[in-house]
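In: fold the following for me, if possible:
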Amino acid sequence: MKRFFQKIVLYSKLPEMRLFWFFLPFLLALFIIDLIYLPRILVFAVLAILLVLGTIILVNNLRLARSNLEVKIERNELKSIIANLKDGVIAYDPNFKILIFNKAAEEIFALKSEEVLGKYFAPETAREPKFKLLSQAIFPSLAPLVVRRSEPGEYPQIMDISFNESDMSLRVATNKITDSSGQLLGFVKIVCDRTREIKLLKSKTEFIATASHQLRTPATATRWAIEELSKQKMFEEQKPIIETALGAVTKLTKTINDMLDVSKIEEGEFGYQFDNVEFISFIEDIIRDMESLAKQFNVKIYFEKPAEQSIALSIDRQKISIVVSNLIDNAVKYNVTNGEVIVKIERLKDEPYLEVSVKDTGVGILEEDVKKLFTKFFRSENAVKFATEGSGLGLYISKNIINRHGGKIWAESEVNRGSVFRFTLPTDPKLIPSKEIVYGEE
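Out: From the prediction side, this is the model:
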């Protein structure tokens, strides 16, 4: 009860109660006048009306005071949360008038909120040196390099923006602000400064590149020495030792080369040479090269050709060969005895893309592992049980090669029923990115 009266006292001091406090003296004065001039019966009737009217005003004002107080508390809490977020928060209306600009945004863009709040932004604002970075974040098409991480037209829109002049890298997530009826009120951007993260990635990549370079020379020399030894006369019991050593150093060399490829990819220096390639015969050549591996594992490879006799694509022949060979290699090695691998090419309906799929009848992949397949060093639990060896870099490299070609790669799988790996390639060269992306890791 004490708490209830404390709340009433609190609400009574709020501005929303002013109407009641102005009305109360008028109510008392009116009652006194009625008491002097009106008969007793009318006095009680007027008093009852005034009390009902006063109660209605009091209750409504208390409700208004309470709801407004709750809104103010929530607004202050929200402001406090936004102000102390580590990521920058920028909100603006449909006319690009800045409404919110928190402390983190001030640090990222080297601007004070007083300079930005209430200011209208337009693409032309980027001409002002002070507002150039902020304008490019609001209008990403103005930025030097933009990598889209979400589908066009879908919200939130997520983009990675790089600025050559300041060596800054930002991840910007944009979402709509709407009312209960769905009417657009504005937009909010969450800006994450990834500059330090990118620098750490760069340092890690440089270390891997340096270590791999240092390891490759002795590994190559060791492989050469073992190959020479294998050509010499030896006792029968020595041959398995030499073969084991040669197999081990061959796998070591491949892992080192994969790590070097990863470092080049993340530095944007993998190097691509695009040419017009007759794609059907190109895939046929790769399948022919993989036949000996398939026979070794008692697996058959089938090629489902499209209805067209010839399809010309602009691709890097050597890089796409890495992707297709890697997918077929996995499909063969993680298959069952007398299993099948089906390679298929088809055009996507009403889209300027070609889809290549590699389907197997193998062990399959756990559902929770499918999304992690294309990350560095990841190997699914089923794959590790089936074959303990593997670097976990092949699919990561494949994903980056396909991204560089302007396509997508993904997998579908069911445990003990097999997997299907698919990737797309644009048939329109204009859809191929103009250059490599530095540190494209998501």
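
In: can we go C-alpha only for contacts and neighbour counts from here?
Out: OK.

In: for the stretch 1-150 of the chain, give me the ranges with low pLDDT.
Out: Scanning the stretch 1-150 of the chain for pLDDT under 70 picks out the ranges 1-23, 30-31, 34-35, 37-38, 40-41, 43, 58, 65, 69-78.

In: for it, what spans make up the helices?
Out: 2-12, 18-37, 40-84, 103-109, 113-116, 132-138 (DSSP state H, counting those that start in this stretch).

In: tell me the contacts of residue 348?
Out: Shown in contact with residue 348 (C-alpha atoms under 8 Å, 6 or more residues apart in numbering): 354, 355.

In: so who does residue 353 touch?
Out: Per C-alpha under 8 Å, 6+ apart, neighbours of residue 353: 347, 424, 425, 426, 427, 428.

In: which one (most neighbours) among the residues you listed?
Out: Counting neighbours by other C-alpha atoms under 10 Å, residue 425 leads those with 26 neighbours.

In: run the chain-centre distance for the helix or strand hosting that one.
Out: For residue 425, the host element (DSSP states H and E) is strand 418-426. In terms of C-alpha atoms, centre = their mean, to the nearest Å, the centre of strand 418-426 is set 20 Å apart from its chain centre.

In: now that strand: average pLDDT?
Out: Taken as a whole, strand 418-426 has an average pLDDT of 95.

In: start the count at 646 instead of 1 going forward.
Out: All set: I'll call the first residue 646, so the last point we hit is now strand 1063-1071.

In: can you list the helices and strands that that strand packs against?
Out: Secondary-structure packing of strand 1063-1071 (3 or more C-alpha pairs under 8 Å, 6 or more residues apart in numbering; DSSP states H and E): strand 998-1005, helix 1039-1049, strand 1054-1059.

In: right, so of the ones you listed, which gets closest to residue 911?
Out: Of all the helices and strands packed on strand 1063-1071, it is helix 1039-1049 that lies closest to residue 911, at 9.1 Å by C-alpha to C-alpha.

In: pLDDT (mean, whole number) over that closest one?
Out: Mean predicted lDDT for helix 1039-1049 stands at 91.

In: by how many degrees do it and strand 1063-1071 diverge?
Out: For helix 1039-1049 against strand 1063-1071, the angle by axes from the mean of the first three to the mean of the last three C-alpha atoms, to 10 degrees is 30 degrees.

In: which residues touch helix 1039-1049?
Out: Residues outside helix 1039-1049 that contact it (C-alpha under 8 Å, 6+ apart): 903, 906-907, 910, 964-965, 967-968, 971, 1018-1021, 1053-1054, 1068-1070, 1077-1078, 1080-1082.

In: domain ranges for the protein?
Out: Split into domains by automatic domain parsing, the chain comes to 647-728, 731-838, 844-911, 920-1076.

In: ok, so of the contacts of residue 998, who is nearest residue 915?
Out: For the contacts of residue 998, the residue nearest residue 915 by C-alpha to C-alpha is residue 1070; the value is 18.5 Å.

In: correct me, but that closest one touches residue 1078?
Out: No. When contacts are counted by C-alpha atoms under 8 Å, residue 1070 is not listed as touching residue 1078 (11.8 Å).

In: neighbours of residue 960, how many?
Out: Neighbourhood size, residue 960 [other C-alpha under 10 Å]: 25.

In: now do the strands in the stretch 796-945 of the chain.
Out: Using DSSP state E, counting those that start in this stretch, the strands of the stretch 796-945 of the chain run over 802-808, 813-823, 829-838, 920-923, 944-949.

In: please convert those to TSV, extending it with distance to residue 772, mean pLDDT and mean neighbour count.
Out: Shown next, in TSV, are these (distance: least, C-alpha to C-alpha, whole Å; pLDDT from 0 to 100; neighbours: other C-alpha atoms under 10 Å):
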stretch	distance to residue 772	mean pLDDT	mean neighbour count
strand 802-808	15	86	20
strand 813-823	19	90	19
strand 829-838	21	91	19
strand 920-923	39	94	14
strand 944-949	55	95	16
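
In: any chance of JSON lines for those strands, columns distance to residue 844?
Out: Below are those laid out as JSON lines (distance: least, C-alpha to C-alpha, whole Å):
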{"stretch": "strand 802-808", "distance to residue 844": "13"}
{"stretch": "strand 813-823", "distance to residue 844": "10"}
{"stretch": "strand 829-838", "distance to residue 844": "12"}
{"stretch": "strand 920-923", "distance to residue 844": "33"}
{"stretch": "strand 944-949", "distance to residue 844": "44"}
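
In: which residues are in contact with the nearest residue to residue 737 once chain neighbours are set aside?
Out: Distances taken as C-alpha to C-alpha, 6 or more residues apart in numbering put residue 743 closest to residue 737, at 4.3 Å, once the chain neighbours are dropped. Shown in contact with residue 743 (C-alpha under 8 Å, 6+ apart): 735, 736, 737, 761, 762, 763, 764, 765, 766.

In: now that we have the residues you listed, which of them are buried?
Out: The neighbour-count test (16 or more other C-alpha atoms under 10 Å) marks 735, 736, 737, 761, 762, 766 as buried among those.

In: dump stretch 741-748 to PDB, restricted to CA.
Out: Output in PDB follows, covering the C-alpha atoms of stretch 741-748 (Å, rounded to 0.1, in the frame of the first residue of the first chain):
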ATOM      1  CA  PHE A 741      18.500  11.100 -44.800                       C
ATOM      2  CA  LYS A 742      18.300  13.500 -41.900                       C
ATOM      3  CA  ILE A 743      20.500  12.100 -39.100                       C
ATOM      4  CA  LEU A 744      18.500  11.300 -35.900                       C
ATOM      5  CA  ILE A 745      20.900   9.200 -33.900                       C
ATOM      6  CA  PHE A 746      24.700   9.200 -33.900                       C
ATOM      7  CA  ASN A 747      26.300   7.500 -30.900                       C
ATOM      8  CA  LYS A 748      29.800   7.700 -29.300                       C
END
